[in-house]
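>>> Mind looking at a prediction? Sequence and model below.
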Amino acid sequence: MGASIVVVSGGLGVPSSSRMLGDQLARSAVAALAGDGIDTEVFVIELRELGVDIAKAMVSGWVSPDVAKAIEQVGSADALIAVSPVFTASVSGLFKSFLDVLDPTILDDKPVLLAATGGSSRHSMVIDYVMRPIFGYLRANTMPTAVFAAPGDWGHSSGTGALAERSDRAGAELARALGSRHGVSVAHQDPLESLPFEQLLADIRPET
């Protein structure tokens, strides 16, 4: 049993913090899926490599073979991890332009994990105020947990810190969405999720 995840990175730099965040989220999702017996392939689309062709597709309607391949990968993927840097209180123009050249039905009910990077945690609301409405319009199945990374979030050792915890939580949500599509019941307890009230009540012990 296998699944495919496509990471769409709107980062412009080399190395790109958006690409780094996309890779981390993909690792979290793959690890969660592996625990349920699902092998996963991950493909990465670096939009900066397609920038000129995306612009031509926007103004002329001509889609280059490279952009057509990226669109096909998005359409055939079982899930998407979409990561954009924050520019001028929004997603990058390149990221939005790529979404604009997609068929508006290509993301129907597709599980999508949203993420963004920026110079300050004050930009984190771009995910909820900009990205969620766009992907909601495209009728994607966006995960409840989104992940934002500022420069200070990368100061922890690999696999530790708030960013790693949030990445694991978001990856587990994506794994559950994919697992349900593959007929796998994912019963992992989210470490950040409250226990059922009945269980909390049962654990109460009288003071002695």
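Looks like it arrived, so ask away.
>>> Around residue 177, count how many other residues there are.
21 (other CB atoms under 10 Å). All C-beta spots, glycine's among them, are computed from the backbone N, C-alpha and C.
>>> pretty sure it is touching residue 143, no?
Yes: contact status for residue 177 versus residue 143: in contact at 6.8 Å, counting by CB atoms under 8 Å.
>>> Could you tell me which residues touch both of the two?
Here residue 177 and residue 143 have residue 111 as joint contacts, going by CB atoms under 8 Å, 6 or more residues apart in numbering.
>>> So the residue nearest to residue 56 when sequence neighbours are not counted versus residue 11, what's the distance?
In space, and not counting its chain neighbours, residue 56 is closest to residue 62: 5.9 Å by CB to CB, 6 or more residues apart in numbering. According to CB to CB, to the nearest Å, residue 62 and residue 11 sit 25 Å apart.
>>> quick one: which of these two has more around it?
residue 11 (23 against 9).
>>> quick one, what contacts the more buried one?
Taking CB under 8 Å, 6+ apart, one finds 17, 18, 19, 46, 47, 48, 83, 85, 117 in contact with residue 11.
>>> can you tell me which of those are in helices?
17, 18, 19 (DSSP state H).
>>> Tell me which residues are up against whichever strand or helix holds residue 4.
When elements are assigned from DSSP states H and E, residue 4 belongs to strand 2-9. Residues outside strand 2-9 that contact it (CB under 8 Å, 6+ apart) are 16, 18-19, 22-23, 25-26, 29-30, 33, 38-47, 73-74, 76-83, 95, 98, 174, 178, 182.
>>> ok, now stretch 12-23?
For stretch 12-23, the external contacting residues (CB under 8 Å, 6+ apart) are 7-11, 44, 46, 48, 81, 83-85, 92, 94, 115-117, 147, 149, 151, 154, 167.
>>> what comes up buried for stretch 32-39?
Going by neighbour count (16 or more other CB atoms under 10 Å), the buried part of stretch 32-39 is 32, 33, 36, 38.
>>> How about stretch 100-114?
101, 106, 107, 110, 111, 112, 113, 114.
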